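Asks: only the shape, not the letters, is given here:
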């Protein structure tokens, strides 16, 4: 059964970066939800214990109605609003944090010291984005980093060290590929084990079977292996309910034959159906 209290909604497929590995939340073409679409989704979910909304993209901060959307979700519906962002549009973030519309920020950043912060031909420098992250933290907002491991141990070591020094959590993600294997990539596992050894982390494994690293009782790292590679659909469906910028529930990033619209007719019926449906996609190919 899917979680009922958090939706992860891609409000636009448009982005101001072009990351090579981007799966764009499963969106197949340019699309964008307007504030009325999002209101429809919330209205049909509000009595289903919905408490959190995570806005993603593309890049959600470039959505033309981003202020109105976050204000509506926070003030009108009392939802906790998180946002996944590359943190380029820092002034918009600061404004919404000060307004109390944003409770959590997850920043995509792959490099500790690079002219562009992610694996993209366009964007801002790592130094700029790291400074932006500190600005968010200084406002008292929950901020963390999400990074895709690219087999560069020196880079990830420096990022982790920076996170320890600044008490900021980092999630280290194994690159998602539509392939099947019995274990995570050997280089990813080697990196995980070396970081644990080098920093002498206290390890705790959570209900999603993720390795979490702690120092002095504070969580610093979560390792997020490719559940797609392992075909752990049973774990993936426990994380959140994913909605594309076309207004469709997407249970799997790689396949769309079971996508269901939740902004048209029978929206509430479709939401209830998807929440209560067990999923087991393509365990054999």
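Replies: Arrived safely. On a predicted model such as this, the values are computed, not experimentally measured, just so you know.

Asks: hmm, residue 73 is touching residue 39, no?
Replies: No: between residue 73 and residue 39 no contact is recorded; they are 9.1 Å apart, counting by Cβ atoms under 8 Å. Glycine gets a C-beta too; all of them are placed from N, C-alpha and C.

Asks: test my guess that residue 156 contacts residue 148.
Replies: No: using Cβ under 8 Å, residue 156 and residue 148 do not qualify as a contacting pair, with a distance of 10.2 Å.

Asks: more neighbours: those two, which one.
Replies: With other Cβ atoms under 10 Å as the criterion, residue 156 and residue 148 differ in neighbour count, and residue 156 comes out ahead with 23 against 20.

Asks: so which strand or helix has the more buried one?
Replies: helix 153-166 (DSSP states H and E).

Asks: try residue 172
Replies: With DSSP H and E as the test, residue 172 turns up in strand 169-173.

Asks: comparing residue 73 and residue 39, which residue is more hemmed in?
Replies: Just comparing residue 73 and residue 39: by other Cβ under 10 Å the higher neighbour count belongs to residue 73, 23 against 17.

Asks: pLDDT at that one, what is it?
Replies: Per-residue pLDDT puts residue 73 at 97.

Asks: so what's it up against?
Replies: For residue 73, the contact set (Cβ atoms under 8 Å, 6 or more residues apart in numbering) comprises 38, 42, 53, 79, 81, 101.

Asks: among these, show me the least confident.
Replies: residue 42 (90).

Asks: hmm, that one is touching residue 81, no?
Replies: No: taking Cβ under 8 Å as the definition, residue 42 is not a contact partner of residue 81, at 11.2 Å.

Asks: any low-confidence regions in the stretch 101-250 of the chain?
Replies: Along the stretch 101-250 of the chain, the model assigns pLDDT under 70 to residues 176-184, 207-209, 226-240.

Asks: contacts for the strand holding residue 172, please.
Replies: So strand 169-173 is contacted by 106, 144-149, 156, 159-160, 163, 191-192, 219-224, 226 (Cβ under 8 Å, 6+ apart).

Asks: just the strands from this structure, written as ranges.
Replies: Ranges of strands within the chain are 6-10, 52-56, 80-85, 104-108, 142-148, 169-173, 202-205, 211-215, 218-224, 241-243, 248-249, 260-261, based on DSSP state E.

Asks: common neighbours of residue 42 and residue 81, please.
Replies: What both residue 42 and residue 81 touch, as defined by Cβ under 8 Å, 6+ apart, is the set 53, 73.

Asks: out of the two, which sits in the busier spot?
Replies: Neighbours were counted for residue 42 and for residue 81 using other Cβ under 10 Å; residue 81 has more, 21 against 18.

Asks: now do stretch 66-86: distance from first to last residue.
Replies: In stretch 66-86, first residue to last residue: 15 Å (Cα to Cα, to the nearest Å).

Asks: on that earlier part again, could I have the ChimeraX command that selects the buried members from the contacts of strand 169-173?
Replies: Selection of the buried residues among the contacts of strand 169-173 in ChimeraX, burial being defined by 16 or more other Cβ atoms under 10 Å:
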select :106,144,145,146,147,148,149,156,159,160,163,191,192,219,220,221,222,223,224,226
